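Visitor: Take this sequence and fold it.
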Amino acid sequence: MSIDGDPRDPVYRPGPAPLRSHLPILGGTLEYVENPLATMARRYRDHGPVSELSFLGATWTALLGPDACQIALQNADKAFANGPGWGYLVGPFFDRGLMLLDFAEHHHYRHLMQEAFTRPRLEGYARTLAPLVERGISGWTPDRAFEIYPALKSHTLDLATEVFMGGAEYAEPGEIERVNTAFVDCVQAANGYIRSTAPLPFTKWGRATRGRRLLEEFLRRHLPARRANPGEDLFSALCQVADASGGIDDDDIINQMIFLLMAAHDTTTSTVTSMVYELGRDREWQERCRRQCLELGPSPTLAELEGLTDLDLVMKETLRLHPPVPVLARRAVKDTEVLGVTIPKGRLVSVMPLLSHHMPEYWTDPELFDPERFTEGRREDKSHRYAWEPFGGGVHKCLGMIFANLESKLVLSALLRHFEWSVPLDYVPPMKNDSLPFPGDGLPVSLRPLTPARTG
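Guide: Take a look at the predicted model:
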């Protein structure tokens with residue numbers, strides 16, 4: 001991915017930049033969808049770290065660079081709210097999810113939900129996931145043009161079904177496939193141009209409205225079984241937290257499950273897909289990671305996964321280059337200022353950490369895949385507190401980031417132990433950016449089995 005323009009030589013203008021001339025209603029949407037990073041770099045170069053833009057029929061204030069992003073994410077004066085920001089994009093479909101709650105209410109729910117992500121719980125999730133990952137990945141059929149993205153998407157949904165809901169043995173025939181489609185529809189509604197919660201045919205919001213209803217019905221039907229027969233799954237954990245605290249009712253259990261399934265399923269798929277891409281272009285790093293994973297074996301514990309130092313470096317560098325969530329939404333709940341620019345109450349705000357990950361002020365040769373930039377001797381991520389923020393920041397920093405790391409490492413370690421792969425050095429996947437970014441061609445890789453001698 002390359003940046004069009006050099007952010008090292010920005011041309012600043014006092015106050016918010018004038019809205020660029022765009023097509024009516026669509027505003028800057030098409031420009032962003034075509035190339036988010038280039039769009040951010042041009043805006044930073046031409047208008048500085050704080051500017052106005054038209055996007056999806058509304059006026060937004062864009063925050064670019066770690067200084068501007070830090071102010072919004074730390075939110076010291078409580079001027080920015082998540083709910084009405086994300087609510088404009090996905091609110092009807094992930095309503096009442098933790099990401100859409102704010103201030104005291106967010107603190108209350110986050111405190112309760114932390115019980116589902118304690119270390120003993122995470123160790124249990126690792127025990128549950130390891131054999132499922134091994135069975136799923138080892139069953140793949142090698143191919144010279146193996147489309148890794150849909151394969152991973154299907155696999156991570158199976159994993160989420162098991163570790164979040166205790167398995168799908170109780171699901172009706174074809175129901176899990178419908179659940180997967182419903183999640184995809186809800187996520188892709190974020191960039192829907194026709195924004196009506198009526199189930200209008202042939203629109204993203206219409207499909208998402210139907211998807212949300214299906215997800216609610218699915219979870220509500222299976223909630224009593226998870227409460228009556230709790231296991232090590234997250235659904236059971238939330239039910240136990242709810243019963244112990246009295247602070248979460250059944251509706252909110254369902255709301256949080258829909259949000260967490262979306263967050264874990266889509267972002268993990270995106271992260272692992274990008275790691276496969278980068279390792280497919282760098283055989284040295286692929287071999288480095290493989291050596292550690294072969295020593296580990298098929299059933300690693302959480303502690304052993306945390307000891308995969310090379311894979312950890314690769315994951316951090318991949319998250320820098322390809323963060324699954326390149327933009328965060330907020331809304332100003334009172335008049336405020338960012339770097340001297342006034343943001344009025346009610347204004348939608350787009351926090352854009354993707355650009356920070358590519359700015360040469362903070363990273364050496366930022367477009368190069370260089371995992372060692374995160375080693376203790378370099379730690380380029382320490383160049384600015386908000387130079388690297390793939391999990392967000394402040395009180396809304398991702399609650400499940402350790403879970404996401406362990407699942408991603410389990411999948412990659414299994415893949416490395418069973419296969420080797422490559423992609424052409426000049427191949428750049430055609431990314432779709434109308435929701436969370438994903439490769440429109442499925443990201444074909446040349447997938448080959450390891451020889452028995454190499455697997456040990």
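Visitor: Please count neighbours and contacts with C-alpha atoms only from this point.
Guide: OK.
Visitor: Counting neighbours, what do you get for the residue nearest to residue 181 when sequence neighbours are not counted?
Guide: Nearest residue to residue 181, sequence neighbours excluded (CA to CA, 6 or more residues apart in numbering): residue 211, at 7.5 Å. Number of residues near residue 211 (other CA atoms under 10 Å) recorded here: 24.
Visitor: got it, and the one 4 residues further on?
Guide: Using other CA under 10 Å, residue 215 is surrounded by 22 other residues.
Visitor: returning to what we had before: tell me how far the residue nearest to residue 181 lies from residue 174.
Guide: Distance of residue 211 to residue 174, computed by CA to CA, to the nearest Å: 15 Å.
Visitor: Ok, residue 67 next?
Guide: Distance of residue 67 to residue 174, computed by CA to CA: 48 Å.
Visitor: which of these two has more neighbours?
Guide: Neighbour totals were compared for residue 67 and residue 174, and residue 67 leads with 17 against 8 (other CA under 10 Å).
Visitor: The more buried one reaches residue 386, doesn't it?
Guide: Yes. Look at residue 67 against residue 386 with CA atoms under 8 Å: they come within range, at 7.4 Å.
Visitor: Quick check: closest non-adjacent residue to residue 165.
Guide: Closest residue in space to residue 165, ignoring its immediate chain neighbours: residue 235 at 5.1 Å, by CA to CA, 6+ apart.
Visitor: Other residues contacting the one helix or strand residue 312 maps to?
Guide: Following DSSP states H and E, one finds residue 312 within helix 309-321. Contact with helix 309-321 is made by 271, 274-275, 278, 285, 288-289, 292, 306, 354, 357-358, 367, 369-375, 388-390, 409, as judged by CA atoms under 8 Å, 6 or more residues apart in numbering.
Visitor: for stretch 290-306, same thing?
Guide: 122-123, 126-127, 130-131, 134, 308, 310, 312, 406, 409-410, 413-414, 416-417, 455-456.
Visitor: Least confident secondary structure element in this structure?
Guide: Ranked by mean pLDDT, DSSP states H and E, the weakest helix or strand in the chain is helix 452-455, scoring a mean of 64.
Visitor: ok, back up a step: just give me how far the helix holding residue 312 sits from the chain centre.
Guide: Here helix 309-321 is found 15 Å from its chain centre; the criterion is CA atoms, centre = their mean, to the nearest Å.
Visitor: and it, C-alpha only, in CSV?
Guide: What follows is helix 309-321, C-alpha atoms only, in CSV (Å, rounded to 0.1, in the frame of the first residue of the first chain):
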residue,chain,number,x,y,z
THR,A,309,8.1,-13.7,20.0
ASP,A,310,8.6,-13.8,16.3
LEU,A,311,5.0,-14.3,15.5
ASP,A,312,4.2,-11.5,18.0
LEU,A,313,6.5,-9.1,16.1
VAL,A,314,4.8,-10.1,12.8
MET,A,315,1.4,-9.5,14.2
LYS,A,316,2.2,-6.0,15.5
GLU,A,317,3.8,-5.0,12.2
THR,A,318,0.8,-6.4,10.3
LEU,A,319,-1.6,-4.5,12.5
ARG,A,320,0.4,-1.3,11.8
LEU,A,321,0.3,-1.8,8.1
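Visitor: residue ranges with poor pLDDT in the stretch 1-150 of the chain?
Guide: 1-27 (pLDDT under 70).
Visitor: repeat that for 90
Guide: Applying pLDDT under 90 to the stretch 1-150 of the chain picks out residues 1-34, 55-57, 88-95, 112-113, 115-116.
Visitor: ok, now the stretch 151-300 of the chain?
Guide: In the stretch 151-300 of the chain, residues with pLDDT under 90: 154, 157-206, 218, 221-249, 258-267, 296-297.
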